[in-house]
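Enquirer: have a look at this prediction, sequence included:
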Amino acid sequence: MQHNADVDTHMEEGFTQETMLELIELEDGSLVLRDVHGKEEPMVTIDFSEKVKSMLGQEVRMVGQHMIHAAIQSIMYQQLKQWHANVYDEEPPHYS
């Protein structure tokens, strides 16, 4: 299973850079979120215990995907709040 998502990563002074991510399932059943172009270690690894895997059955992949999506949404929301704070906190140079 492979799933790609575009996510903005936070950089200096509120600017963002687009990053292509992939969600893959490893041979051991772990779900891994990583940068498509990076050689770094995964950003997120989700590894369910055998007990949880047996309880969830085929839904284990969907639950992992929802966990990853929630994390991405949270990051994007935080960046949006930061962007709005940067925009609205600037004092205009001249008042009319």
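Expert: Now that the structure is in, tell me what you want to look at.

Enquirer: quick one: the strands in the protein?
Expert: 2-10, 16-25, 31-35, 44-46 (DSSP state E).

Enquirer: average pLDDT for the last one?
Expert: In other words, strand 44-46. For strand 44-46, the mean pLDDT works out to 92.

Enquirer: in it, what counts as buried?
Expert: Ile46 (16 or more other C-beta atoms under 10 Å). Every C-beta, even on glycine, is put in place using the N, C-alpha and C of the backbone.

Enquirer: can you tell me what sits against it?
Expert: Residues outside strand 44-46 that contact it (C-beta atoms under 8 Å, 6 or more residues apart in numbering) are 30-33, 64, 67-68, 71.

Enquirer: Gln73: neighbour count?
Expert: Neighbours of Gln73 under the rule other C-beta atoms under 10 Å: 11.

Enquirer: okay, helices next: where are they in this protein?
Expert: 50-56, 60-88 (DSSP state H).

Enquirer: if we can go back for a sec, lowest mean pLDDT across the strands of the chain, which one is that?
Expert: strand 2-10 (a mean of 49).

Enquirer: measure the residue nearest the centre of the chain to Gly29 for me?
Expert: By C-alpha atoms, centre = their mean, the mean C-alpha position of the chain lies nearest to Ile72, the distance being 3.1 Å. Plainly put, Ile72 is 21 Å away from Gly29 if you go by C-beta to C-beta, to the nearest Å.

Enquirer: distance of the residue nearest to the centre of the chain relative to Gln78?
Expert: 11 Å.

Enquirer: distance to Lys53 added to the contacts of strand 44-46, as TSV?
Expert: Listed next are the contacts of strand 44-46 as TSV, based on distance: C-beta to C-beta, whole Å:
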residue	distance to Lys53
Ser30	11
Leu31	12
Val32	16
Leu33	19
Gly64	10
Met67	14
Ile68	17
Ala71	20
